[in-house]
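>>> build me a structure from this.
(one chain, ligands or ions: 1)
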Amino acid sequence: MIKNTRTLGEFIIKNQLAFPFSTGELSSLINGIRLAAKVVNHEVNKAGLVDILGAYGETNIQGEKQQKLDVFANEKFIQALDNREIVCGIASEEEEDFVILNSDDKKNQNKYVVLIDPLDGSSNIDVNVSVGTIFSIYRRISPLGSPVQLKDFLQPGKDQVAAGYIIYGTSTMIVYSTGDGVNGFTLNPAIGSFYLSHPNMKFPEDGSIYSVNEGNYVHFPNGVKQYIKYCQKEEGNRPYSSRYIGSLVSDFHRNMIKGGIYMYPNSEIANDGKLRLLYECNPMAYIAEQAGGKASDGQSRILDIKPTELHQRVPFFCGSKNMVKKLEEYITTCQ
Ligand code: P6P
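Below you'll find the predicted structure:
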């Protein structure tokens, strides 16, 4: 018997953590995400059993081979959000342009846009490693009733009204914030309900885990190299532990619970890094700050960056506040 804890639906209604949405709007939006999460979770869990593995053969806008589950997840989240009278448009890692949900022009009365990475870390699916969905929600800028415009999606991350992720791991969780702290809900697969398992999640100010693909070390800027050497030096509570799953949601989630820093730097082989600002860095940065953590491109706050294009990439350093500050000091000193 689940000890007396609230389901996701009860939490939204009881806590009125819906601002600026009405409870009904947020419930509808989160319920859409929750439904899609359960459908995708089911497919991810059986991926090893059916011939749904392997590259879909197509490549997405990023030039990456699309795993079939990427396509499946993209379709399910778009369908689930299209059925809610609250979303007027969606931008996705798997779509070259934004998708206007105007199956009838009533949709143009809907107030919110959603940006999503439907299945982040999908290259891990074939090897049974956790993957995730990342979502970001804004109030539209264009007037109600008018067609959705690119500017509705190119908003700085500080203007998000909600953001979160789903992690398909040893258990499936939804972790999200509407600007009043971060709460985590774990799926009880036996009954299909998400229960409040991680109330008021907080990033420890310090940590002893650093997450980076050290295979790219030689290509990193000097400041990042110096910080990695700092993490490895035998001094005080160092060396830190190196933990890198290759799945942003999984590395972020572990670091938020235990304390740590995730780094995807710019380099000689990736001038702006790899991660996308709009549907990876901004939502994760929003969650990090709501949990007392910090997210930077190495010099500036991620949430202050004014986006210029849907799929733009930025260097990304995110996690325990004091670890990100130390990293920024090394980058500034080495410049
Ligand atoms: P690399 C997955 O493709 C992803 O976007 C993140 O989830 C992950 O942290 C990173 O890329 C892994 O990239 O270049 O280290 O394999």
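>>> contacts and neighbour counts: CA atoms only from here.
Noted.
>>> per-residue confidence at the nearest residue to Leu303 once chain neighbours are set aside?
Spatial nearest neighbour of Leu303, chain neighbours left out: Gly157 (4.2 Å); criterion: Cα to Cα, 6 or more residues apart in numbering. On the pLDDT scale, Gly157 is placed at 98.
>>> just Gly9 next, same as before
79.
>>> what comes into contact with the helix or strand containing it?
In the assignment (DSSP states H and E), Gly9 maps to helix 8-15. Helix 8-15 is contacted by residues 18, 23, 26-27, 31, 185, 193-196 when judged by Cα atoms under 8 Å, 6 or more residues apart in numbering.
>>> following it, which helix or strand comes up?
Defined by DSSP H and E, the subsequent element after helix 8-15 is helix 23-46.
>>> what residues does that following helix touch?
9, 12-13, 16-18, 69, 72-73, 76-77, 80-81, 83-87, 125, 166, 168, 172, 174, 192.
>>> which members of these are positioned in strands?
Using DSSP state E, 87, 166, 168, 172, 174 are the members of these that sit in strands.
>>> could you count how many residues lie near the residue nearest to Leu303?
Each residue near Gly157 was counted by other Cα atoms under 10 Å, and the total is 27.
>>> that older thread, could you pick out the buried ones from the contacts of helix 23-46?
With neighbours counted by 16 or more other Cα atoms under 10 Å, those contain buried members at 9, 12, 17-18, 69, 72-73, 76-77, 80-81, 84-87, 125, 166, 168, 172, 174.
>>> name the residues of the chain found near the ligand, please.
Contacts of the chain with the ligand, taken as Cα under 6 Å from any ligand atom, map to 120-121, 213, 246-248, 275.
>>> put the buried members of those into a ChimeraX selection.
The following ChimeraX line selects those of these that are buried, judged by 16+ other Cα under 10 Å:
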select :120,121,213,246,247,248,275
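>>> now do the strands in the stretch 51-200 of the chain.
Applying DSSP state E, counting those that start in this stretch to the stretch 51-200 of the chain gives strands spanning 55-59, 65-67, 87-92, 99-100, 112-120, 131-139, 162-168, 172-177, 183-188, 193-198.
>>> quick one on the thing from earlier: make a markdown table out of the ones in strands among the contacts of helix 23-46 and add pLDDT.
Listed next are the ones in strands among the contacts of helix 23-46 as a markdown table, based on pLDDT from 0 to 100:
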| residue | pLDDT |
| --- | --- |
| Val87 | 92 |
| Ile166 | 98 |
| Tyr168 | 96 |
| Thr172 | 96 |
| Ile174 | 96 |
